[in-house]
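J.: Sharing a model prediction with you, sequence too.
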Amino acid sequence: MKRWIQCLWLIALPCYGLAQNPIYKTPNRHEADSMIVTLGKLPNDSVRMYMEGELSPFYFDKNIDSSLYYGQNALIIAKRLHLPLWQAFIDNSVGYASYQKGNYVSALKILLEAYKISSDETTEQHIWHLSAFYELPDVHRARLNVMAYSLLNLAFVYTIPGNIAQQQSNYFQGIQIGESIKDPAIVGIFKMNLAHFYQQTNKLDSGLATAQSALDNLISAGLTRYQGVVLSNIGDIFTAKGQYDSAEAYYRKGIELNTRQDLMRGMLLNYKAIAKMFRLTGNTDSAIYYAKTAIVLAKKLNATANLFDVYTNLSAAYNMRHENDSAYLYLKTAVALQDSFYNRQKITQFQDIGFNEQLQKQEVENQKAQYQNKLRTYAMLTGIGVCMVIAFLLYRNNRNRRRANKLLHDQKEALQATLSDLRSAQSQLIQSEKMASLGELTAGIAHEIQNPLNFVNNFSDVNSELVTEAVQEIGKGHITEVLSLLNDIKGNEEKINHHGKRADAIVKGMLQHSRSSTGVKEPTSINALVEEYLRIAYHGMAAKDRTFIASLHTHLAPAVDKINVVPQDIGRVLLNVYNNAFYAVNEKKKLSGETFVPSVSVSTTKTGNQVRIGVADNGNGIAQQVVDKIFHPFFTTKPTGQGTGLGLSLSYDIIKAHGGEITVQTKEGSGSEFVILLPAV
């Protein structure tokens, strides 16, 4: 049965755990009663240490003697089990309880030990875990909590010799710890005590701002235990400012909050403070009532060290009422209490401990300095060795670099020679492509010029016959017939002239397109350029393959005006695209037979600031795996020997140089459409 109770307690322990914040985590009354009942049934020292270590801070607000009793029992076990961080945690409880009872020398010794242990990071390796059901989630955070707890309690003890500088330093260190681990409760508790420090040193505005900030932190942490103390601190500041109505309001709020939580220690602070405030305002009845209530609470807590200022305040209140006997009695009690807790021997011991602490700190600093000097010496020797190694490596690297530079120089000359050869070959290929394009252009123009020349020849032959007939009719005297024949001759001459001019225009166009491009943009009718090169490309294809025939469709938008382009360059692009389209439909015709009707459609549209030229065919299309490569130099889908692979690459460069874009949309087996976009402005 006893073992079953022990197991059940181990499972329930997380409810009462130290968790992450030992500064403010204590069990409630029900949990404490359960712990006390269970203590007698637990043979396990570890669990007993944990429970008594938790009960010690619980009794801070109930009975200081009980707090000391449980804390000292837990401390014995922690030392026996060699659990340093738990020892430091419990040292804080025992030290604070000793401070509350006025045992300042003992408190200082114990708290200095707690701070020393918690400052050592190696103690994080010795945190005891209760069971598989409960373990501290963050050992580093736990150690810093204990360290903060030590700083706080030491700050309280430093008020005895009036060590103001050390008090303030401890409060600032505690706030830094809380902020480093993002714990608003720790920050709030240290700000609460820093606000009281500011009030004691007459920095009232700083104290009020710090107290209000502390209250915000405690509310943010959901911690109500210390809010009543903060309210009392704010009341003290308003009392020091002489704003007694505001002070009384804060005191009463603090009394109400502490009473509701049964926090006698907080109530004691509230009653002491409000008693002093009523004495200062001349309300001696209330001052005496609250002072005597504070005495009752202090005795119940066994925290009589807190009564010196209460007795002094009572003496002053009775003196104001001219009740000299009572005034003398309480003054005598205050003096006796002061002698008990603040006699010269204790102050000397306290100072000796502080002096020894300074010596220890100085010794630690000396050891650190010696250690750092050794480190500097080792570092210097290491640095010299490293420098020698670096010097050797630099020498070797420099030698290797010279060899590498010579090799790179030789390789560079070889690469430059190769690059020169490649550029020459590239120029020849590009020139070959241009000549091939010029050949196709010439073939198309020659084929196209044949048509007007045929008209000129035919009408010339007809006119010769008509002249012969006219001569014959003149001999016969048929004037009417002669006039009719002359009119026919005149009409034919007009047609000869028309087709002669057409041939002349074609020749001029051929000369213009065959000359080198100047690279100068000029206003050019895109629709006329598209139509002209479509005819030339078609006739060129027909000249190469007399069996070639295709259906041409043009959809040219009238809204497409002249735009600034280099006409020879854009013409070369159109010629390449048309030739690809005619080649595609012709190849499909060879495979499909007579049932297939080759078709090429050309369209122009204007959209916003762009002119779109579309060239679509119903050929075999382009395979998806090579679509992304068709604009690459030297890539071609034509059989070997039938293309250089530079046509579309040059076209791509020309369109990009014009600030435009050329793309292809294709579906394998159904045809392709090349889209050219040119800026309209």
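T.: Perfect, thanks for sending it.

J.: domains of this structure?
T.: Split into domains by automatic domain parsing, the chain comes to 1-157, 381-509, 522-679.

J.: dump the residue contacts of Asn73.
T.: Applying CB atoms under 8 Å, 6 or more residues apart in numbering, we find Asn73 in contact with 48, 52. C-beta: built from backbone N, CA, C; applies to glycine.

J.: phi, psi of Pro523?
T.: The phi/psi pair for Pro523 (degrees, to the nearest 10) reads phi -60, psi 130.

J.: Pull up the per-residue confidence for the closest residue to it other than its chain neighbours.
T.: Nearest residue to Pro523 in three dimensions, chain neighbours excluded: Lys562, at 4.2 Å (CB to CB, 6 or more residues apart in numbering). Looking at Lys562, its pLDDT is 84.

J.: ranges for the strands of the chain?
T.: For the chain, strands defined by DSSP state E occupy the ranges 522-525, 551-556, 562-565, 599-607, 610-617, 661-667, 671-679.

J.: Switch those strands over to CSV; also include mean neighbour count and distance to Glu413.
T.: Compiled in CSV, the strands of the chain are given as follows (neighbours: other CB atoms under 10 Å; distance: least, CB to CB, whole Å):
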stretch, mean neighbour count, distance to Glu413
strand 522-525, 13, 45
strand 551-556, 13, 55
strand 562-565, 18, 43
strand 599-607, 18, 51
strand 610-617, 20, 47
strand 661-667, 16, 39
strand 671-679, 20, 43
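
J.: distance of Gly571 from Gly660?
T.: When distance is defined by CB to CB, to the nearest Å, Gly571 is 15 Å away from Gly660.

J.: need the contact list for Thr418.
T.: Counting by CB under 8 Å, 6+ apart, there are no residues that Thr418 touches.

J.: gap between it and Gln411?
T.: From Thr418 over to Gln411 (counting by CB to CB), the distance is 10 Å.

J.: do the same with Leu419
T.: Computed with CB to CB, the distance linking Leu419 and Gln411 is 12 Å.

J.: what's the answer for Gly222, then?
T.: On the measure of CB to CB, Gly222 and Gln411 end up 74 Å apart.

J.: go on, Ala334?
T.: 99 Å.

J.: Looking at those two, which one has more neighbours?
T.: Comparing Ala334 with Gln411 by other CB atoms under 10 Å, the one with more neighbours is Ala334, at 19 against 10.

J.: Find the nearest non-adjacent residue to Leu269, please.
T.: Leu269 sits nearest to Ser232 (CB to CB, 6+ apart), 5.2 Å away.

J.: whoops, Thr554 was the one
T.: Using CB to CB, 6+ apart, the nearest residue to Thr554 is Val602, at 5.1 Å.

J.: Would you agree that neighbour is in contact with Ala557?
T.: No: when contacts are counted by CB atoms under 8 Å, Val602 is not listed as touching Ala557 (11.6 Å).

J.: count of neighbours near the nearest residue to Tyr271 once chain neighbours are set aside?
T.: Take Tyr271 and drop its neighbours on the chain: the residue closest to it by CB to CB, 6+ apart is Ala294, 3.9 Å away. A count of neighbours around Ala294, defined by other CB under 10 Å, yields 26.

J.: and Ala294, what does it touch?
T.: Taking CB under 8 Å, 6+ apart as the definition, contacts of Ala294 comprise 268, 271-272, 275, 306-307, 310.

J.: Please convert those to a markdown table, extending it with pLDDT.
T.: Shown next, in a markdown table, are these (pLDDT from 0 to 100):
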| residue | pLDDT |
| --- | --- |
| Leu268 | 84 |
| Tyr271 | 88 |
| Lys272 | 88 |
| Ala275 | 87 |
| Asn306 | 66 |
| Leu307 | 77 |
| Val310 | 84 |
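
J.: And those residues, which is closest to Phe548?
T.: Proximity of those to Phe548 was ranked by CB to CB; the top entry is Leu268 with 113.4 Å.

J.: Excluding chain neighbours, what is closest to that closest one?
T.: Leu297 (4.5 Å).

J.: How much space separates the one you found from Ser326?
T.: Here the criterion is CB to CB. By it, Leu297 lies 20 Å from Ser326.

J.: Neighbour count for those two, which is higher?
T.: In this comparison of Leu297 against Ser326, neighbours counted by other CB under 10 Å, the higher total goes to Leu297 at 22 against 15.

J.: Hmm, Gly266 and the more buried one touching each other?
T.: No: at 9.9 Å, Leu297 and Gly266 do not qualify as touching, with contact defined as CB under 8 Å.

J.: Low-confidence ranges, the stretch 551-681 of the chain, go.
T.: Scanning the stretch 551-681 of the chain with the threshold set as pLDDT under 70 gives 634-635, 637-646.

J.: so can I have TSV of the contacts of Ala294 showing distance to Pro633?
T.: Listed next are these as TSV, based on distance: CB to CB, whole Å:
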residue	distance to Pro633
Leu268	94
Tyr271	96
Lys272	95
Ala275	99
Asn306	95
Leu307	100
Val310	100
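
J.: Many thanks, have a good one.
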